[in-house]
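In: here you go, sequence then predicted model.
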Amino acid sequence: MHERSINSTYIDSEYAGLYNNLFASTIAELDYAKQVAGANHPLSPIEKTKVEQKAALKLIQNKSIEYEARKPSAYSLYGHNQFFLMKELSFRKIFESLHTSPPDASVAYTAIDTAYRSALDLKRISLQMNILAKQLEHLANKRDQSEIEAQIANSTSTVDEKFRSLKMK
């Protein structure tokens, strides 16, 4: 069991950097997706915000697909997430591997590490989807503002045109 603890600590330190930079890396990923989505055409502010919203939604959808793809591995220890009953599930897996012919604990350690890494990936993906979902609110506000500004610009130009037509008469 001591080896399991050491492996867990090593994996935690490996993922710590990923979690520490998660917000920045997720926003960078979103910025890149928005840039790619609107790169080919000049867009009005309203069109640009619509494209940015679609890019964010597509990225959330991709994260959801990635999450679903990793779930079987994360739940590979008796159908439970590795964070649930971590010690009990790990001990049970090791115990079972020692009672096989020939006994081989390395198979159990590999299975435990794989499930643990996958569980950490599920956590990462879930946090990324939350970050992206919060960006949708920002993008919706940006779109509303763009639409208001466009309406003001249109009504101002309409008033100017009416004023000019009255002046000419």
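Out: Sure thing, it's come through. Residues are numbered from 1 along each chain as shown.
In: and the longest helix for the protein?
Out: Taking DSSP state H as the criterion, the chain has its longest helix at helix 105-168.
In: for that helix, packing partners?
Out: With contacts taken as 3 or more C-beta pairs under 8 Å, 6 or more residues apart in numbering; DSSP states H and E, helix 105-168 sits against helix 2-20, helix 22-38, helix 45-74, helix 86-98. Every C-beta, even on glycine, is put in place using the N, C-alpha and C of the backbone.
In: nearest to residue 112, of these?
Out: Closest to residue 112 of the helices and strands packed on helix 105-168, according to C-beta to C-beta: helix 86-98, at 5.0 Å.
In: can you give me every residue that contacts the residue positioned nearest the centre of the chain?
Out: The centroid of the chain falls nearest to residue 128 when counting by C-alpha atoms, centre = their mean (2.9 Å). By C-beta atoms under 8 Å, 6 or more residues apart in numbering, the contact set of residue 128 is 22, 26, 29, 63.
In: swap in 10 Å and give it another go.
Out: For residue 128, the contacting residues are 22-23, 25-26, 29-30, 59-60, 63, 66-67, by C-beta atoms under 10 Å, 6 or more residues apart in numbering.
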